[in-house]
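Engineer: Sequence below, structure please.
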Amino acid sequence: MGQDMDWRLKKTSVVSRTSFMFNNSLISDVKFVVFSQKTDSRVFIPAHKFVLGISSPVFFAMFYGNLAVVENTVALPDCDSEGLLEFLRYIYCDTVELSLPSAIQALYLAKKYLVPSLAKICVSYIKENVTPAHVLDVIPYAMKLDEKELLEKCFQVIDLNANVVLKSRSFLEVSLDLLENLLDRDTLCISEVEIFQAVQRWLLHNHKIPSMSRPISRKGRQLPNASNTVTESSGTPVKRVYNGMCTCRCQERCDCVTAILHSSRAVESSTIEKMDTKESVGSGHRGNFASGSIDNVSHFQSVTPNENMSRIQRVTHDNQNQNQAFPSFVPRTSPHVAHLYDRLIRKIRFPLMLEEEFKKHVVPSKLLPQQDVIDILVNFGTVKRNLDRFSSKPRNNPLRRCSRYSTVSHWFLYSGERAESFIMSVNTPIRLHGIRLYGYENCQYKVELKVYPRSDPYNKQIAQGYYMSEVQGTDNYHGYDVKLDTAIRIENDVDYNIEATIKGPPSAYGKEGHSSVDCGKVKFNFRGEENSVFQNFSVGQFAEIIFFEL
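Structural biologist: Numbers count the residues shown, from 1 in each chain. From the prediction side, this is the model:
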């Protein structure tokens with residue numbers, strides 16, 4: 001008895017005594033039954049009806065209302081122990097220890113049991129911590145819980161990191177409605193051909209035969225374990241909870257798109273990979289996925305409309321004959337499948353693509369009817385056709401570019417070993433998405449880009465790969481964008497090192513560099529690095545800073 005009384009004597013405030021009762025079976029009169037990810041089993045979490053009742057009107061009605069239940073066990077199949085513990089921690093201790101998964105769970109419970117103060121804390125935490133890797137897992141909860149500000153934040157993350165989000169594994173699992181919403185957005189920071197490739201991957205993933213894919217129909221199907229929860233792969237820390245029913249990512253009891261497409265023929269992913277790898281990316285080499293048939297299509301400036309039609313029909317006919325090993329992506333005979341294509345493919349803005357992109361990626365996919373292919377190919381030339389069925393409205397890219405040099409000159413030779421670098425600072429925080437480097441026509445470069453604060457050289461953000469030069473600079477020069485996998489926040493008045501190790505053929509370079517450049521409200525300050533290839537800052541290889549104003 002002395003030991004039992006000891007904690008009461010030491011806890012001198014109501015808050016401290018209540019906190020002591022958190023997750024404590026002492027005088028507990030109710031238990032929650034939830035699933036634990038750590039133990040992979042059901043667990044019992046003790047609680048106290050009085051504390052719950054004075055914190056939530058829903059709990060008060062459950063335990064003390066006219067229709068109060070007499071059971072002392074409350075099963076919660078729609079959450080897990082991590083989220084419930086943080087929910088209870090806030091009720092007992094007036095504090096939380098959130099992670100992104102637990103914040104989502106606690107937000108759901110706060111909305112369910114009417115604890116608005118906790119809901120506000122969770123929303124704020126999720127908005128500050130949502131990343132491109134998790135954003136597609138957060139959106140369904142934001143939609144279901146009608147959190148408009150959180151939803152807007154999620155879409156902003158997608159807009160600015162579309163190149164990462166649309167290539168993620170989570171993207172393949174999004175609902176049809178959410179995919180349509182993404183395709184309708186005018187602010188995606190990604191090229192139209194990359195959007196097409198993402199839709200292509202989504203369609204392939206959702207048309208696998210039942211033995212190789214997810215269950216055909218999720219409507220009304222109970223989950224296999226008692227907790228009725230589904231967890232993401234180990235690489236995705238956010239769990240999906242479906243109220244005891246296995247449904248699609250939209251979090252509603254809807255008919256998943258796979259329910260109407262399960263009879264479609266399977267397309268081996270290796271076929272798609274072979275199609276994609278037929279394009280050589282060598283220096284100065286143009287794609288030839290169909291024995292040169294598409295490359296023989298000109299821009300149609302020097303031929304008559306009838307000759308245009310004849311040549312395009314030959315191109316598409318030859319392409320079909322030479323790609324017989326590549327089956328139609330999915331059969332379009334089913335009205336459901338045809339309707340699906342109308343909902344998705346019609347939302348891709350093919351007129352915004354470059355002609356070579358369309359010929360390389362769209363034509364061999366056979367996702368478009370032949371007449372649409374012909375009309376779009378004709379439209380790339382001087383003979384225009386009515387393409388109202390495909391939007392040509394540009395996606396208003398919110399990314400901005402800061403150009404550092406006044407003129408462009410030739411040539412610069414690369415050692416492939418020594419890095420070029422410079423130091424950059426800004427007067428107001430920005431989000432850095434990448435750097436544009438000088439190149440030369442049809443040339444390929446191997447690049448390793450590093451960005452880090454000078455005060456913390458071990459905190460490096462790295463982007464590396466092979467990049468093909470193209471004409472896209474503000475001064476119409478040949479160059480290429482090196483994008484970071486995840487945009488990083490650049491703080492104001494902090495020096496950052498930006499360095500690149502480049503290997504490839506000779507390229508252009510910038511001259512008459514500015515030490516300070518104003519881009520809107522952002523003022524960039526540049527200076528040369530002592531060990532840089534160009535110690536004289538007036539010349540260099542870093543053509544443009546790709547950023548977003550915060």
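Engineer: domains of the chain?
Structural biologist: 1-129, 147-210+330-397, 399-549 (the TED database).
Engineer: closest one to residue 135 among these?
Structural biologist: Distance to residue 135, taken as C-beta to C-beta, is lowest for domain 147-210+330-397 among the domains of the chain, at 4.7 Å. All C-beta spots, glycine's among them, are computed from the backbone N, C-alpha and C.
Engineer: gap between that closest one and the chain center?
Structural biologist: Mean-position distance between domain 147-210+330-397 and its chain equals 15 Å (C-alpha atoms, centre = their mean, to the nearest Å).
Engineer: what does stretch 139-146 give?
Structural biologist: 17 Å.
Engineer: Show me what counts as buried in it.
Structural biologist: Going by neighbour count (16 or more other C-beta atoms under 10 Å), the buried part of stretch 139-146 is 139, 140, 141, 142, 143, 145.
Engineer: which helices and strands does the helix or strand that contains the fourth one pack with?
Structural biologist: Counting by DSSP states H and E, the element that carries residue 142 is helix 135-144. In terms of contact count using 3 or more C-beta pairs under 8 Å, 6 or more residues apart in numbering; DSSP states H and E, helix 135-144 is assigned the packing partners helix 100-112, helix 148-160, helix 176-184.
Engineer: Only alpha carbons, please: show that helix as CSV.
Structural biologist: Only the C-alpha atoms of helix 135-144 are listed here, as CSV (Å, rounded to 0.1, in the frame of the first residue of the first chain):
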residue,chain,number,x,y,z
VAL,A,135,2.3,12.4,-50.3
LEU,A,136,0.2,9.9,-52.2
ASP,A,137,-0.4,8.0,-49.0
VAL,A,138,-1.5,11.2,-47.2
ILE,A,139,-3.9,12.5,-49.9
PRO,A,140,-6.7,9.8,-49.4
TYR,A,141,-6.8,10.7,-45.7
ALA,A,142,-7.0,14.4,-46.4
MET,A,143,-9.8,13.8,-48.8
LYS,A,144,-11.7,11.5,-46.5
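Engineer: got the angle between it and helix 148-160?
Structural biologist: 150 degrees (axes from the mean of the first three to the mean of the last three C-alpha atoms, to 10 degrees).
Engineer: Taking helix 176-184 as reference, get the angle to helix 135-144.
Structural biologist: 110 degrees.
Engineer: Just give me how far helix 135-144 sits from the chain centre.
Structural biologist: Using C-alpha atoms, centre = their mean, the offset of helix 135-144 from its chain centre is 13 Å.
Engineer: swap in stretch 402-411?
Structural biologist: Distance, stretch centre to chain centre, for stretch 402-411: 33 Å (C-alpha atoms, centre = their mean).
Engineer: which residues sit against that stretch?
Structural biologist: By C-beta atoms under 8 Å, 6 or more residues apart in numbering, the residues outside stretch 402-411 that reach it are 438, 440, 473-475, 477, 506-514, 517, 519, 522, 524, 526, 539-540, 542-545, 547.
Engineer: what helices or strands is the one helix or strand residue 373 maps to leaning on?
Structural biologist: Residue 373 is part of helix 370-379, with elements assigned from DSSP H and E. Judged by 3+ C-beta pairs under 8 Å, 6+ apart, helix 370-379 is in contact with helix 305-322.
Engineer: pLDDT averaged over the helix it packs on, what's the number?
Structural biologist: The average of the pLDDT scores along helix 305-322 is 43.
Engineer: Alright, calling it a day.
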